[in-house]
Each structure stands twice: as structure tokens, then as C-alpha cells.
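Chemist: Below is the structure, and that's it, no one-letter string:
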């Protein structure tokens, strides 16, 4: 890129790579579930907003305002907690709205049982993926085997011409008898071992670990033939457990929402994600064929 230094270019690539990985993981995380019927009850964009709030803050709420009706909002505790560490009152807010509600008057929605934002974990994964990707970029650049040429400043032009012939893939570099190579020229090769393939494997392992956390069965797809049955089943079970952590609290919130406000909202696992989970359907079953609705056997047994 013209007009910027190598240091500036490196910083731009660093920032762009880090942001890219965060954005990719962010998009996946907020696309796992859809609140079917919530947009109809709370207005267009409510489902997207709710998943974004759970991703960033680990909790959200649905309230019924006397004038504005049902709304999906951000939420923070307001005041003391009860004996179960749940707030007695909450502050429900978004752009242009901020109001205190009694806890029993809202539907309090948790991203998981510990109200942990998805963003916290994915930011760590994105940082590790970024470091691995940029390390691979640097190692690939190093394969150009740059050469450090040291010599007398009086022969600087000759050194430059010599290196131009070298970098231009000249089979022979010509000099003259007055150019004493032994006394005026030292060459230091900065060869680097090729480790891009190892870094790619490491990056894939990081990505697969991240997908497992999200409940997406992407792990070990390139090396599955090397895994024994017990390893595959163990990984699938872990994926289901993680997905159930996100599903369970959302399903509970749907039940409370429908009972409290008479809505008809269902938590839906997106069909595209269901397809990715084709090998882990023992705990997640599609209902209705094409609508992507799922029930979790693990969730059912836990709630009972």
C-alpha cells in the first residue's frame, strides 16, 4: 500500500485481523437462536436486539409499558438482591428509554445460568485466532529469505545493484576485479523455518474449540477419520451440553413470557445451525420439518 510505512501497514493488518475474527464469531453467536413471534409482540427487530443484549451483557428483559406496550430491553439490577441473588428491582433501558420495574413485573432473561455474556469468551478466542493468523502471515513473509548485505558506504550503489540482481532471480551476479567481495561485503541470511502448516492446524483447533463452546458441531471435521467412536461421541456430548446452557434459560424465559403476557413466543434454533448439528441430534430434535424448532432432551430432564 502506497503512502504508509511497513510499521503502519503491520498495525493496520493487526487491527483488521483482530476485528474480523471478533465480527465473525459475533455473527455466529447472535445467529444461533431466533425468538419466533417476539417481533410480532414487541416490534420489528426485538429478536435481534434480545440476542445482541444477551451476547454483550449476559441478560436482558421484556417489559410491558403502559403506553408503549411490550418491549425487549437491556437490564441491570437496581437495588438489593433477594436470597437467590436475583434483583428485587431492575432498571430496563435502551436508547431513549429508562425505567425501574419490580422484578416480578418483567421477564428476566439470562444468557446462561451464570448470566455470562457470550462476548467475554469469544473475545478471548478472537485474540488467539488473530495472534495465530498474523504469526502465520509473518512466517510466510519470512520465506522470502531476506538477505542482510553489509559493506563499505563507498560501495553502497554497488551493493544495491548486487541485491537487485539477487532479488531479480539472476543466475549469475557480475562484478569487476576492483570490487573486493571478501573485504567489502558481508552477507547474513535470515532464513526462517516454515511453520505455516502447524499454525494452520493450531488455528483450526482454536476455531473448533470455539464452535464447541457455541454448540456448533464443527470440531475435528478434517481429521474425524482418525478419531475413535468414543472420542467423537464425547465431543458431540460436550457440544450438546454447551448448546443446552444457552437454550435452557431462553426456553424458560419463553415459558414465563407467554404465561405472563399471553404471547405466543417460541425459542427457535436456526435451520442452518440445525444442519451443522446433523451429527448431534440425539439431544436436539427438529420439530415440524422446516421451521428449525428444537427441543432439548437434556433441558427437559433438567427442568423436571
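Modeler: Alright, I've got the coordinates. From a predicted model like this one, the values you see are computed outputs, not experimental measurements.

Chemist: end to end, how far does stretch 50-69 reach?
Modeler: 16 Å (Cα to Cα, to the nearest Å).

Chemist: again, but for stretch 51-67
Modeler: 24 Å.

Chemist: other SSEs contacting the one helix or strand residue 101 maps to?
Modeler: Element membership of residue 101 [criterion: DSSP states H and E] is strand 97-102. With contacts defined as 3 or more Cβ pairs under 8 Å, 6 or more residues apart in numbering; DSSP states H and E, the packing partners of strand 97-102 are strand 59-65, strand 89-94. Yep, even glycine has a C-beta here, placed from its N, CA and C like the rest.

Chemist: Between those, which one is closest to residue 5.
Modeler: Proximity to residue 5, assessed across the helices and strands packed on strand 97-102 by Cβ to Cβ, is greatest for strand 89-94 (43.0 Å).

Chemist: Is residue 125 within a helix or a strand, and which one?
Modeler: Using DSSP H and E, residue 125 sits in helix 118-142.

Chemist: contact partners of that helix?
Modeler: Contacts with helix 118-142, where a contact means Cβ atoms under 8 Å, 6 or more residues apart in numbering, come from 13-14, 17-18, 21-22, 25-26, 29, 54-56, 58, 111, 190, 192, 194-196, 199-200, 202-203, 206-207, 209-210, 213-214, 246.

Chemist: same deal with stretch 91-110?
Modeler: Stretch 91-110 is contacted by residues 49-50, 54, 58-65, 68, 71, 73-78, 82, 86-90, 249-250, 253, 256-257, 260-261 when judged by Cβ under 8 Å, 6+ apart.

Chemist: List only those of those residues flagged as buried.
Modeler: When these are checked for burial by 16 or more other Cβ atoms under 10 Å, the buried set is 49-50, 54, 58-64, 71, 73-75, 77-78, 87, 90, 249-250, 253, 257, 261.

Chemist: So which of the contacts of helix 118-142 belong to strands?
Modeler: Taking DSSP state E, every one of the contacts of helix 118-142 sits outside strands.

Chemist: Among those residues, the buried ones, what's the PyMOL command?
Modeler: Here is the PyMOL selection string for the buried members of those, based on 16+ other Cβ under 10 Å:
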select buried, resi 17+18+21+22+25+26+29+54+55+56+58+111+199+202+203+206+207+210+213+214+246
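
Chemist: can you pull the buried residues of the longest helix along the chain?
Modeler: Ranked by residue count, the top helix of the chain under DSSP state H comes out as helix 229-261. The neighbour-count criterion (16+ other Cβ under 10 Å) identifies 235-236, 239-240, 242-254, 257-258, 261 as the buried residues of helix 229-261.

Chemist: what's around residue 81, how many residues?
Modeler: A count of nearby residues for residue 81, using other Cβ atoms under 10 Å, gives 11.

Chemist: Also residue 110?
Modeler: Neighbours of residue 110 (other Cβ under 10 Å): 19.

Chemist: Identify the bridge partners of it.
Modeler: According to DSSP bridges, the partner residues bridging residue 110 are residue 59.
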